[in-house]
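*Asks:* structure for this input, please:
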Amino acid sequence: MEENVVSENIVVSMQDYKAKAGINLDVGCGPHKQPGPGWVGIDVRALPGVDIVHDLFTFPWPLEDNSVNLLIMSHYLEHVPPTKFLDTMAEIHRICRHKSQVLIAGPYGLGYRYLQDP
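*Replies:* Model (predicted):
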């Protein structure tokens, strides 16, 4: 089994996106990008594992239309301000290809941690 690719050695460019059939995108990945080759991490901070540094509340994101096959957003959406929620969902729609999978994980709505950090 292949080890995780160290993100510092990855050079991501728009030409790479166009050359591939689509990418796997980890939105708001922080230092915990999905393991394995083929994953592109996007976050606001330049942390290990982040391939694209971009303010995710600024639209459009630096990705081509219809360039994402699989999008994972784990514990990010609950941090999106209500005024940016629809823009975020529209951006996901713009960058995802037809029949893409979008996986969103978040806290349980009635959990005390959710109430602590809405």
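
*Asks:* what comes up buried for the longest strand seen in the chain?
*Replies:* In the chain, taking DSSP state E as the definition, the longest strand is strand 96-105. Across strand 96-105, burial judged by 16 or more other CB atoms under 10 Å covers 96-97, 100. C-beta coordinates here come from the backbone N, C-alpha and C atoms, glycine included.

*Asks:* and for stretch 66-81?
*Replies:* Within stretch 66-81, the residues that count as buried by 16+ other CB under 10 Å are 67-74, 76-77, 80.

*Asks:* can you give me the strands for the protein?
*Replies:* Here the chain has its strands, by DSSP E, at 23-27, 39-43, 52-53, 68-74, 96-105.

*Asks:* Throw the buried residues of stretch 66-81 into TSV and include pLDDT and distance to V40, thanks.
*Replies:* Listed next are the buried residues of stretch 66-81 as TSV, based on pLDDT from 0 to 100; distance: CB to CB, whole Å:
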residue	pLDDT	distance to V40
S67	96	10
V68	96	9
N69	95	11
L70	96	10
L71	98	10
I72	97	11
M73	96	13
S74	95	15
Y76	93	15
L77	91	18
V80	93	20
